[in-house]
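Peer 1: A predicted structure for the sequence below; I have some questions about it.
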Amino acid sequence: MSAPHEEKRIGRGVFLATVAGGIGSLAFGKSVWSHFSGAVSPIASTLAPFLPKGGWRIYTVTGSIPPFDRSTWRLDVGGLVDHPMTLSYDELRALPRVNQISTFHCVTGWTVKNVHWGGVRLSDLMDRVAPTSYAGAMQFLSAETPYIDYLSLPEARLHDVMLAYEMNGEPLRPEHGAPVRLVIPDMYGYKNVKWLKGINLVHEAGIGYWEALGYDRDAWVGRSNGYT
């Protein structure tokens with residue numbers, strides 16, 4: 001539960017998210033969540049989580065999971081780059097693979113330890129598209145419109161930031177962001193964009209979906225409480 005001095009902040013976050021997400025997204029998770037007693041804060045019990053399993057709380061801002069068709073899905077990587085790319089799912093998986101084990105932290109207070117991720121190092125992808133000298137950040141577009149977020153290029157080049165297409169030895173499940181999601185172990189989960197469909201190199205970081213609702217832009221685990 002949240003400390004008393006945090007109640008005002010949490011209440012504001014819930015109110016803003018309710019307006020942005022709409023009544024439909026709240027109703028989507030209600031029937032499942034009402035049977036689960038693992039809520040850790042007012043936010044966690046309000047923002048339409050569903051399918052809790054293995055310590056995870058799965059959230060959607062729209063009330064549905066974007067569909068994935070392996071034959072037609074594409075990841076577009078462009079913007080301020082010399083070599084824009086459009087990758088099919090098989091082409092993404094053919095890139096040099098990395099594996100890592102890390103802890104996933106949600107800003108609402110829960111964690112999942114020892115998550116085994118498999119995918120592509122984000123810095124490797126950046127080297128392939130060759131950002132221009134005008135590029136200072138990356139914009140991440142989710143198929144769950146209007147979810148977007150940003151990382152500065154130094155943040156994107158951290159050694160353990162990756163595009164993950166596997167979790168715990170299996171392809172990502174739909175609720176975890178299939179076919180590919182961003183994984184940033186040092187930042188809270190709302191920065192780890194799921195259901196990626198596009199990455200743009202831009203001049204500077206903009207305001208992400210949750211940041212527009214009052215959340216911290218950097219979201220460093222242990223150094224940020226998730227709010228500005």
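Peer 2: Received, thanks. Since we're looking at a predicted model, the values are computed, not measured. Residues are numbered from 1 along each chain as shown.
Peer 1: If you count contacts, what does the longest strand along the chain end up packed against?
Peer 2: For the chain, the longest strand by residue count, based on DSSP state E, is strand 111-121. For strand 111-121, the contact count by 3 or more CB pairs under 8 Å, 6 or more residues apart in numbering; DSSP states H and E identifies strand 98-105, strand 162-167 as packing neighbours. Every residue, glycine included, has its C-beta placed from N, CA and C.
Peer 1: wait, is Leu125 part of a helix?
Peer 2: Yes. Remark: Leu125 belongs to a helix, assigned using DSSP: H, G, I helix; E, B strand; the rest coil.
Peer 1: Run a quick neighbour tally on it.
Peer 2: For Leu125, the neighbour count with other CB atoms under 10 Å is 21.
Peer 1: just checking, it touches Pro96?
Peer 2: No. Applying CB atoms under 8 Å as the test, Leu125 and Pro96 come out as separate, 9.8 Å apart.
Peer 1: what residues are up against the residue nearest the centre of the chain?
Peer 2: By CA atoms, centre = their mean, the mean C-alpha position of the chain lies nearest to Val193, the distance being 2.1 Å. Counting by CB atoms under 8 Å, 6 or more residues apart in numbering, Val193 touches 140, 142, 147-149, 177, 181-182.
Peer 1: Restricted to strands, list these.
Peer 2: Per DSSP E, strands hold the following members of the contacts of Val193: 140, 142, 148-149, 181-182.
Peer 1: hmm, which two among those residues are most spread apart?
Peer 2: Greatest spatial distance in the ones in strands among the contacts of Val193: Ile148 and Arg181, 13.8 Å, computed using CB to CB.
Peer 1: Can you show me the helices along the protein?
Peer 2: 7-33, 89-94, 122-129, 153-156 (DSSP state H).
Peer 1: hey, least reliable of those by pLDDT?
Peer 2: For those, mean pLDDT drops lowest on helix 7-33, to a mean of 34.
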